[in-house]
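Enquirer: coordinates only, no sequence provided:
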């Protein structure tokens, strides 16, 4: 299993620093559909440039679409928002909403979709369900140990992403998980 170093990038300066420091991939939010809506996110032209920048350095760029969408946003706004990034070579989107996952898979079948930790998948049944949707990567809550997660999925085709943190409790929305 190859380890990927993934870093956040809230600006072009942060993106360049992360790549320069050895990140294999960076993730960032755009002008819409990101959980950090009030942050200074990159605009469309900056994201298109960022995709080119990371690809010239054999790195990847993931775009967050990690909010819950209203039906009209999903149908009328998400596709035109994502299309230019997809055409530029976006490597993946990070999603929270199951409807978004299904729509993105339909519109862009070869685009990788990563499940955000905000999706709150906490066990093997949820992991298998994501895998059934042609999932390629599962981001898991930081409280799960990689050893336990490998055992719980029971399936070698599902890639796991484990965060490395201290032994403190982790709260995910209305759920709390404590290290064993």
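Expert: Noted; the coordinates are in hand. Computed from a predicted structure; not experimentally measured.

Enquirer: in stretch 65-85, what counts as buried?
Expert: Buried positions in stretch 65-85, judged by neighbour count with 16 or more other CB atoms under 10 Å: 65, 66, 67, 69, 73, 74, 78, 81, 82, 85. From N, CA and C alone the C-beta is placed, and that goes for glycine too.

Enquirer: just say helix, strand or coil for the last one.
Expert: Following DSSP: H, G, I helix; E, B strand; the rest coil, residue 85 is assigned to helix.

Enquirer: then the third one?
Expert: Per three-state DSSP, the local secondary structure of residue 67 is coil.

Enquirer: and the most centrally placed residue in the chain, backbone torsions?
Expert: For the chain, the residue nearest the mean C-alpha position is residue 94 (2.5 Å; CA atoms, centre = their mean). Dihedral pair for residue 94: phi -110, psi 120, per degrees, to the nearest 10.

Enquirer: partners of it in the sheet?
Expert: residue 64, residue 114 (DSSP bridges).

Enquirer: from residue 88, how far out is it?
Expert: Distance from residue 94 to residue 88, counting by CB to CB, to the nearest Å: 17 Å.

Enquirer: cool, residue 76 as well?
Expert: Relative to residue 88, and taking CB to CB, residue 76 is found at 22 Å.

Enquirer: and residue 16, by the same measure?
Expert: 18 Å.

Enquirer: give me the buried positions along stretch 101-113.
Expert: So stretch 101-113, judged by 16+ other CB under 10 Å, has buried residues 101, 103, 104, 105, 108, 111, 112, 113.

Enquirer: how long is it end to end?
Expert: End-to-end span of stretch 101-113 (CA to CA, to the nearest Å): 7 Å.
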